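Trainee: Sequence and computational prediction follow.
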Amino acid sequence: MLGRSVDFFRHGYLFVTTDAATLEQCRRNVELQRGLGVASELLTPSQIQTYLAPLVTGDLLGGTFCDDDGSADPYSLLSGFLAVARGRGLRLLTGQPVTGIVKAGDRVTGVRTPGEEWSAPIVIDCAGPHADEIGAMAGVEIPSKPYRRQVMVTEPLPILPPCFP
């Protein structure tokens, strides 16, 4: 599809939580995903442990897992998407924040930036962790909020398998 390798490695993706509200959102997410054909599943703490035995699960309420998920090289993936889009006429503008939405009735037909107004037959909100801000401009609530995650880089730890979700 992209005409290049993105170094995708399938290892599954595991989310865990100690928060009841987050677990309820996980339930809704899995229901939606399964309805769309994604083989994600809701897990109990003991089921979580089967995916990563060294993980301490005593404080967990549950989690989700999808075996089809994995990791890819983000730069290669973005470059591939941009190459395909440019081949279809995309003009990429950087440093041009969206300051407003143009609508015709209840349909979004374009965006405003500080210097110009742009129209398009299809407008896609690709604002990542700020998608909710752009959606709000169009009168749409998008339940997407920036969420800080933690990454810890270490030498390989003998207790952990070389690859895990």
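Mentor: Right, received. Where do you want to start?
Trainee: From now on I want contacts and neighbour counts done on CA atoms only, so please keep to that.
Mentor: Will do.
Trainee: And the helices in the protein?
Mentor: 20-35, 45-51, 74-87, 131-137 (DSSP state H).
Trainee: Tell me how far M152 lies from M137.
Mentor: Distance of M152 to M137, computed by CA to CA, to the nearest Å: 36 Å.
Trainee: quick one: which of these two has more around it?
Mentor: M137 (15 against 4; other CA atoms under 10 Å).
Trainee: any low-confidence regions in the protein?
Mentor: Of all residues in the chain, none has pLDDT under 70.
Trainee: quick one on the thing from earlier: return the most buried member of the helices of the chain.
Mentor: helix 131-137 (a mean of 17; mean count of other CA atoms under 10 Å).
Trainee: Residues touching that one, excluding its own?
Mentor: 98, 100-101, 125, 127, 141-145 (CA atoms under 8 Å, 6 or more residues apart in numbering).
Trainee: Please apply the same query to stretch 143-150.
Mentor: With CA under 8 Å, 6+ apart as the criterion, stretch 143-150 contacts 129-132.
Trainee: can you list those in TSV and add distance to A39?
Mentor: Listed next are the contacts of stretch 143-150 as TSV, based on distance: CA to CA, whole Å:
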residue	distance to A39
P129	25
H130	27
A131	25
D132	26
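Trainee: Among these, which one lies nearest to T109?
Mentor: Taking CA to CA as the measure, T109 lies nearest A131 of those, at 17.0 Å.
Trainee: Please enumerate the strands of the protein.
Mentor: 9-10, 13-17, 40-43, 62-66, 70-71, 100-104, 107-112, 117-119 (DSSP state E).
Trainee: Now tabulate those strands in a markdown table and tack on distance to G3.
Mentor: Converted to a markdown table, the strands of the chain look like this (distance: least, CA to CA, whole Å):
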| stretch | distance to G3 |
| --- | --- |
| strand 9-10 | 17 |
| strand 13-17 | 25 |
| strand 40-43 | 28 |
| strand 62-66 | 26 |
| strand 70-71 | 18 |
| strand 100-104 | 33 |
| strand 107-112 | 30 |
| strand 117-119 | 29 |
